[in-house]
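In: only geometry, no sequence info:
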C-alpha cells in the first residue's frame, strides 16, 4: 500500500508473478506512477505481468498518473465502477478535453486511459472495461488460479444515484459556468473489493463512506452479507480513516480480530485526515494499524520573504504538495495458517507512532 | 521674377474653378511639388530667383502627446502569481490547489478564509472555480505596502456546440469500447 500526503496506490501480487494495481498516485518523479517505479525496481515486466488496473473512483488522489501506468500495462484489463458506465461520463471526458486551465481538468488521466482503450480496440484487442458492481467476481482467466476479486460495492442504488449526480451536477451544460470537474462530496460509486488469494484475504475499502441512506454506503454491504461471510485478514481503511468511512460492524463482521489495517493520509483540506480522534478510533479496533505517511501540512517556503509573509497572512494554511511517500508491505504465503509479515518503508509508520507524536 | 517653374511632364493645367479640375498634390517639399492629374504624375520644381531663404510650407497644426514629467504615482510590483482552483468550500473557508504561473514552484495547497474576498469575488467561490492570486508590493506615491489580491476568473460559459461535439465524440468512443 503506497500513500503520500495526497494520493494512494495498492499493488497486489497474486502469485505466479501476476499483479493487480488498484488506483494510482505519482512517484518521486511526478510524471510517473509510483506503481511504475516500484515494479520497475522489482524488475517486474509491467507490460506482461500486470493483469488488471482499477480506478475505484474518479477523485484526483486515486487516479494520479493512472493513464501513464495503464499505457505501460499492455496486457492489463481496465476496471472501474459501474457508476461511470453512462454516456454522460464519456461526454464529460470529451468536453473537458479542451479545458485550458492550470491543473488540467481533474479527469485527464481517465481520458488518457480511454484513449489507450480506444487504441487497443482499433488493434482488435480486448478493450472493453470491466465494470465493477456489487456481486461481480473477477477471477480466471484475468487473474491467476486461486485468486479472486469480489466486488462488494457499488450497489445498484449507488450506481443509479451516481448516474443522476453525473447528469445533474458534473456534466457541463450550455451557458453554465466553466469550472474544473468538481469533486462530489460523497464517494457513493467507489469500488470496494474483497480479495482472496488462496488462504490470504483482505478487504479494500477504497473511499466508501457510510451514508445512513438505504441502498448506499457500508450499510448495504453489511445488509447483503451472507451468514458466515469471510473474515478478512486485513483492511485497507476507507476514506483516509474519516468518521464517515467508519462503520463498527464492518470490523466486527468482516475483519479478523486484531487483523492488520492500513490507512493513507489526506492533507488537502483544512483538517487533514486521519485526525487524532480518527487514529484513536482505528487503534481501538486493532493493534496492527499502519499509516503510509504522517498526516499534516508541510511548511511553506519561498525565497522572497515578502511573499512568504504575505501568503501566510492571507491564508489559514499554505503548503507545497509534498510527495512524502511511504510504503506498507504485507506479505504472506497463500497456504493456510500462515502469518503476515509487515514491512515499513520511507515515511510509513505504525499508527501508534502518530498518536505518540501528537 | 517670382520663380521659375520647370516640369518633367506635361504642363500643369492652371485655372479651373472646381476641385475636379485642380490637380491633386501627392507630396511636396520646399522645392518640389508632385502633382497628380488623372493618371499622370507631374513633378514641378519651384526655384525662386534671388531668394535668400528656402520657402517652407505652412505649419500644419497636429495634436501632440505631452511627455510625462514624473513617474505614475500608482503601481504594483508583482512578486508571485498563482493560478488556483477551488477544491472544496464551506461557509467560512475554501481549500484550493495553486499552480505557480511561472512554473518554477511545485503545486501548493492552501486554505483561505472567505472573508479575505470582497463580496463580488466571494459569491463565485465554488468547487472547481478557477482564480488568480497575486502577491506583491502596491506603490502609492512614495509609500509601498505588501498586497495580496484574489480574483476569480470570469470564463465564458460552455457553448452548445462544445457540448454537442463532445456528445458525438463520446457516443463514438462508447461504441468502440462497449461502454454502454
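Out: Good, I have the coordinates. Given the structure is predicted, the values throughout are model-derived calculations rather than measurements.

In: Doesn't residue A:313 lie inside a strand?
Out: No: the assignment for residue A:313, made by DSSP: H, G, I helix; E, B strand; the rest coil, is helix rather than a strand.

In: Just give me the neighbour total for it.
Out: Here the number of neighbours of residue A:313 (other CB atoms under 10 Å in any protein chain shown) works out to 10. Quick note: C-beta positions are derived from backbone N, CA and C, even for glycine.

In: Spell out which helix or strand contains the closest residue in space to it that isn't next to it in sequence, please.
Out: Excluding the flanking residues, the one nearest residue A:313 by CB to CB, 6 or more residues apart in numbering or on different chains is residue B:148, at 7.5 Å. Per DSSP states H and E, residue B:148 falls inside strand B:143-152.

In: State the distance from residue A:213 to chain B.
Out: 21 Å (CB to the nearest CB, to the nearest Å).

In: swap that for residue A:24, sorry
Out: Distance from residue A:24 to chain B, by CB to the nearest CB: 17 Å.

In: In this structure residue A:142 contacts residue A:50, no?
Out: No: between residue A:142 and residue A:50 there is no contact under CB atoms under 8 Å: 11.2 Å.

In: Looking at these two, which one has more neighbours?
Out: residue A:50 (25 against 17).

In: Can you give me the neighbour number for the closest residue to the more buried one other than its chain neighbours?
Out: Excluding the flanking residues, the one nearest residue A:50 by CB to CB, 6+ apart is residue A:73, at 4.1 Å. Applying other CB under 10 Å, we find 24 residues neighbouring residue A:73.

In: picking up where we left off before, contacts for the strand holding residue B:148 next, please.
Out: A:306, A:309-311, A:313-314, B:76-77, B:112, B:116-117, B:121, B:124-125, B:129-138 (CB atoms under 8 Å, 6 or more residues apart in numbering or on different chains).

In: try stretch A:148-155
Out: A:20, A:52, A:81-83, A:132-139, A:143, A:162, A:188-197, A:203, A:206, A:208, A:215-216, A:220-221, A:224.

In: Swap in 7 Å and give it another go.
Out: The contact list for stretch A:148-155 (CB atoms under 7 Å, 6 or more residues apart in numbering or on different chains) reads A:81-83, A:132-139, A:143, A:188-196, A:208, A:215-216, A:220-221.

In: Which of these fall within strands?
Out: Among the contacts of stretch A:148-155, the members falling in strands are A:81, A:132, A:137-138, A:192-196 (criterion: DSSP state E).

In: If we only consider those residues, which is nearest to residue A:302?
Out: Comparing these against residue A:302 with CB to CB places residue A:81 closest, at 40.0 Å.

In: That closest one pairs with what?
Out: For residue A:81, the beta-bridge partners are residue A:132 (DSSP bridges).

In: Neighbours of it, how many?
Out: Neighbour count for residue A:81, taken as other CB under 10 Å: 29.

In: now it: how far from residue B:77?
Out: 49 Å (CB to CB, to the nearest Å).

In: same deal with residue A:204?
Out: Remark: distance between residue A:204 and residue B:77 (CB to CB) = 52 Å.

In: between the two, which one's more packed in?
Out: residue A:204 (26 against 11).

In: Was I right to think that one contacts residue A:191?
Out: No: in this structure residue A:204 lies outside contact range of residue A:191 using CB atoms under 7 Å: 8.4 Å.

In: that older thread, from residue B:135, how far out is the residue nearest to residue A:313?
Out: 5 Å.

In: joint contacts of the two?
Out: Shared contacts of residue B:148 and residue B:135, defined by CB under 7 Å, 6+ apart, are found at residue A:310.

In: Mean confidence (pLDDT) on the longest strand anywhere in chain B, please.
Out: Longest strand in chain B, counting residues (DSSP E): strand B:74-89. For strand B:74-89, the mean pLDDT works out to 91.

In: ditto for stretch A:144-160
Out: Stretch A:144-160 comes out at a mean pLDDT of 95.

In: now the end-to-end length of that stretch.
Out: One end of stretch A:144-160 to the other measures 32 Å (CA to CA, to the nearest Å).

In: Backbone dihedrals for residue A:61, both of them.
Out: Residue A:61 adopts backbone torsions of phi -80, psi 0, taken as degrees, to the nearest 10.

In: Model confidence score at residue 123, please.
Out: Since you didn't name a chain, this refers to chain A. Per-residue confidence (pLDDT) for residue A:123: 93.

In: The intended chain is chain B.
Out: At residue B:123, the model reports a pLDDT of 95.

In: do residue A:215 as well
Out: At residue A:215, the predicted lDDT confidence score is 88.

In: In contact with the closest residue to it other than its chain neighbours, which residues are there?
Out: For residue A:215, ignoring the flanking residues on the chain, the nearest one in space by CB to CB, 6+ apart is residue A:157 at 2.9 Å. Residues in contact with residue A:157, defined by CB under 7 Å, 6+ apart, are A:215-216, A:220.

In: buried sites along the helix or strand hosting residue A:113?
Out: Element membership for residue A:113 (DSSP H and E) is helix A:108-122. For helix A:108-122, a neighbour-count test (16 or more other CB atoms under 10 Å in any protein chain shown) marks A:108-117, A:120-121 as buried.

In: what's the closest of those to residue B:59?
Out: Looking across the buried residues of helix A:108-122 and measuring by CB to CB, the closest to residue B:59 is residue A:108, at 64.7 Å.

In: Per-residue confidence, the closest one, what does it come out as?
Out: At residue A:108, pLDDT is 87.
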